[in-house]
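S.K.: Okay, structure incoming, though there's no sequence with it:
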DNA sequence: TTGATAAAATCATCTGATGACTTGATGAGC
DNA sequence: GCTCATCAAGTCATCAGATGATTTTATCAA
C-alpha cells in the first residue's frame, strides 16, 4: 500500500526555501531575510526555520554566519542526484559501474606506474579463493583488487563514483538478490592486469568488457525472473 | 591566510552522531537514544540535538518517527561523494563523463526506439550553428542533443550522472577556462546518430570516442598551460 | 483471540531569554 | 586626514520550558 506522504513542517519549510533559492529569488552571495523575518514569511517558529536552514547549509546551498546573516552559497543542488541513482535499479547501476571500470582500465593502461602494477598483482595473488576465510572476507579482497585497477587510472572522479557504486550495489544485492552472480576465475582477472601492463588502452578495455559480460548477462537473467 | 576552522555546535553534534552511525554503533533499523538522552550524552540542548538529527535525516542516515523514535536508516554516507567529484578537476570530470557517454551510445545502439532516433535527428537538425541566437542558446541546443543520446540508453543511473557532470563541467569552465574548446562539426554529430541507428554497440562507442578525442586533447593542452 | 481504551514514550512545534559574533558608526589621538 | 579603540545595533547560536500530535504498549472486557 502507498504510505500517505506525511511530511513534517521543518522538512517542507526547507523544501520551500530550497525552491526559492533554486528559482533564483536571491543571487549567489546575497543575504536572505533573517530568522525572525523568515519566521513571519513562512509562518513557522524560529526553531523550525533554523532546522530548515541548517539542512540547506549542510546541502551547500546556504551559508550561515553568526552575527552577519545567512547567505546564498549556490543555486544548484546536486544532493539528490545520487539518491536518484540509488533508486535507478540494479541493472542500471551495474552498467554504469562497468562503464567506469572499462574507462578506468583504459586510463590505467596509459598511466600506470610500476608501483600500480605491483599493487595489482600482489592483491590478485592475495585474493585467493572463497575457501580462505569465508565469503565476506573474500568479497573484500576481490573488491580491493578491482579498486586497485581503478586507482591506477589516476582519475579521482572515476574512483569516487566507482566506490559509490560498489557500496550501493553491494547494499542492493544483499537486500534483494538471493541468487548468486558468477565469479570470473583467476585467469580472467589476470588477463586484465596483463592487458593494462601492455599499455594498450583498447586491449585493457576489451579485457574488462569481456570480464563483465557474463556477469551482466546472469544479472539480467536473475532480475527478469 | 588560513581561516580558523570554527564550526558550530549543531554541526559538530551532527558530525559526532554521524561518526557513531558510520562506525556501526547502532545497526540499521535500530533505534538510537531519544532526544533527551542525546541531550545528556552529547551535553547540548535539545534544539541543537534536533538540528543535528534533522541534518542526518536529510542525508538519509536517520529516520525520525514521531511517537516512536529515531532509527538508523543507513550506515553508509554517500552525501560527500559528489562534492569530492566536483573537486576532482576538469580533466577527470571530462573523462568520467566521456566514459558514461560512450557506454550510453553503446546501450542506445542496442535499445533505441524509433521515437528515440527521431528525437535525436530532430534535435540535431535544430542544433544549427552558433550564429543562430547566440552562444548560450547554441550551447543549450548542443547539450539537448547530446542528452537525447544518453536518454536513449534507457539507463537512469547514467542519465543522472551525465546531467550532473554536464552542469559541473559547465560551472567549472565558466569560472576557470577562458580558452575555447573545439566544437565538432555536424558531420561528427551525425556520425554518432547513424552508428546508433545501425544497432551495433561497438560502432556507436567508436563514434562517440572519435568525437571526444580531439576535444579531450585540446582540454589537456589548455589545462597544462 | 479480538477489540477498545488508557497510559506512557517520543518526536514536533512554539515561545521566550540570553550569549556570541559581525558590522558599521563614532570619536579620540596622532 | 588617518588610524585605532570603543560602542551600539543587528544577527545567528544556544539554552530552557511548555504543549501538542503520534505511536507504541499495557490493560481489560467481550
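M.R.: Looks like it came in fine. Treat the numbers as computed from the prediction; the structure is a model and nothing was measured.
S.K.: what's near enough to touch the closest residue to residue A:89 other than its chain neighbours?
M.R.: Leaving aside its chain neighbours, residue A:89 sits nearest to residue B:156 (7.1 Å; criterion: CB to CB, 6 or more residues apart in numbering or on different chains). Any C-beta I mention is one placed from the backbone N, CA and C, and that applies to glycine too. Applying CB atoms under 8 Å, 6 or more residues apart in numbering or on different chains to residue B:156 gives the contacts A:84-85, A:88-89, A:92.
S.K.: Tell me which residue lies nearest the centroid of chain A.
M.R.: Nearest residue to the geometric centre of chain A (CA atoms, centre = their mean): residue A:164, 2.7 Å.
S.K.: from what I can see that residue touches residue B:81, true?
M.R.: Yes. Under the criterion of CB atoms under 8 Å, residue A:164 makes contact with residue B:81 at 4.8 Å.
S.K.: which residues do the two both contact?
M.R.: residue A:82.
S.K.: Can you confirm whether the host helix or strand of residue A:106 lies near chain B?
M.R.: Residue A:106 is part of helix A:90-111, with elements assigned from DSSP states H and E. Yes. Applying CB under 8 Å from any CB of the partner chain, one finds helix A:90-111 in contact with chain B at A:92-93, A:95-96, A:98-100, A:102-103, A:107.
S.K.: what comes up buried for the next helix or strand after that helix?
M.R.: Next along the chain after helix A:90-111, taking DSSP H and E as the criterion, comes helix A:114-127. Using 16 or more other CB atoms under 10 Å in any protein chain shown as the test for burial, helix A:114-127 gives A:116-117, A:119-121, A:123-124, A:127.
S.K.: Need the residues that contact helix A:114-127.
M.R.: With CB under 8 Å, 6+ apart as the test, helix A:114-127 has contacts from A:108, A:138, A:141-142, A:144-145, A:148-149, A:151-152, A:186, A:189-190, A:193, A:196-197.
S.K.: Filter those residues down to the buried ones, ChimeraX style.
M.R.: Remark: buried members of the contacts of helix A:114-127, expressed as a ChimeraX selection using 16+ other CB under 10 Å:
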select /A:108,138,141,142,145,148,149,151,152,189,193,196,197
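S.K.: so of the contacts of helix A:114-127, which ones are in strands?
M.R.: Residues of these located in strands (DSSP state E): none.
S.K.: Let me know the closest of the contacts of residue B:156 to DNA strand C.
M.R.: DNA strand C has its nearest neighbour among the contacts of residue B:156 in residue A:84, at 23.7 Å by CB to the nearest atom of the strand.
S.K.: Give me the helices and strands touching the helix or strand where the closest one lies, please.
M.R.: Assigned by DSSP H and E, residue A:84 falls within helix A:81-86. Here helix A:81-86 touches helix A:90-111, helix A:156-176, helix B:81-86, helix B:156-176, going by 3 or more CB pairs under 8 Å, 6 or more residues apart in numbering or on different chains; DSSP states H and E.
S.K.: wait, residue A:195 sits on residue A:203?
M.R.: Yes. Residue A:195 is within contact range of residue A:203, at 4.4 Å (criterion: CB under 8 Å).
S.K.: Need the overlap of contacts for the two.
M.R.: With CB under 8 Å, 6+ apart as the test, residue A:195 and residue A:203 both reach residue A:109.
S.K.: So for the two, which sits in the more crowded spot?
M.R.: residue A:195 (23 against 18; other CB atoms under 10 Å in any protein chain shown).
S.K.: Need the per-residue pLDDT for the more buried one.
M.R.: In the prediction, the pLDDT value recorded for residue A:195 is 95.
S.K.: before we move on, what about residue A:178?
M.R.: At residue A:178, the pLDDT value in this model is 63.
S.K.: So the residue of chain A most remote from its centre, which state does it fall into?
M.R.: The C-alpha centroid of chain A is most remote from residue A:40, which lies 39.1 Å away (CA atoms, centre = their mean). Secondary structure for residue A:40, judged by DSSP: H, G, I helix; E, B strand; the rest coil, is helix.
S.K.: Distance check, it against residue B:154.
M.R.: Distance, residue A:40 to residue B:154, by CB to CB, to the nearest Å: 48 Å.
S.K.: what's the answer for residue A:102, then?
M.R.: For residue A:102, the distance to residue B:154 equals 19 Å [CB to CB].
S.K.: again with residue A:73
M.R.: Between residue A:73 and residue B:154 the distance is 35 Å, computed by CB to CB.
S.K.: re the thing from before, and the helix holding residue A:84, which residues are buried?
M.R.: Neighbour counts over helix A:81-86 (16+ other CB under 10 Å) mark A:81-82, A:85-86 as buried.
S.K.: What residues does chain A have near DNA strand C?
M.R.: Contact residues (CB under 7 Å from any atom of the strand) of chain A with DNA strand C: A:8-10, A:43-48, A:65-68.
S.K.: at 6 Å what do you get?
M.R.: Counting by CB under 6 Å from any atom of the strand, chain A comes close to DNA strand C at A:8-10, A:44-48, A:65-68.
S.K.: Looking at chain A, which helix is longest?
M.R.: Criterion DSSP state H: the longest helix present in chain A is helix A:201-224.
S.K.: contacting residues around it?
M.R.: Defining contact as CB under 8 Å, 6+ apart, one finds that helix A:201-224 is touched by A:90-91, A:94-95, A:98, A:101-110, A:149, A:177, A:179, A:181-182, A:184, A:188-189, A:191-192, A:194-196, A:198.
S.K.: how about it: buried residues?
M.R.: A:201, A:203-209, A:211-212, A:219, A:222.
S.K.: Return the member of those residues nearest to residue A:168.
M.R.: residue A:219 (14.4 Å; CB to CB).
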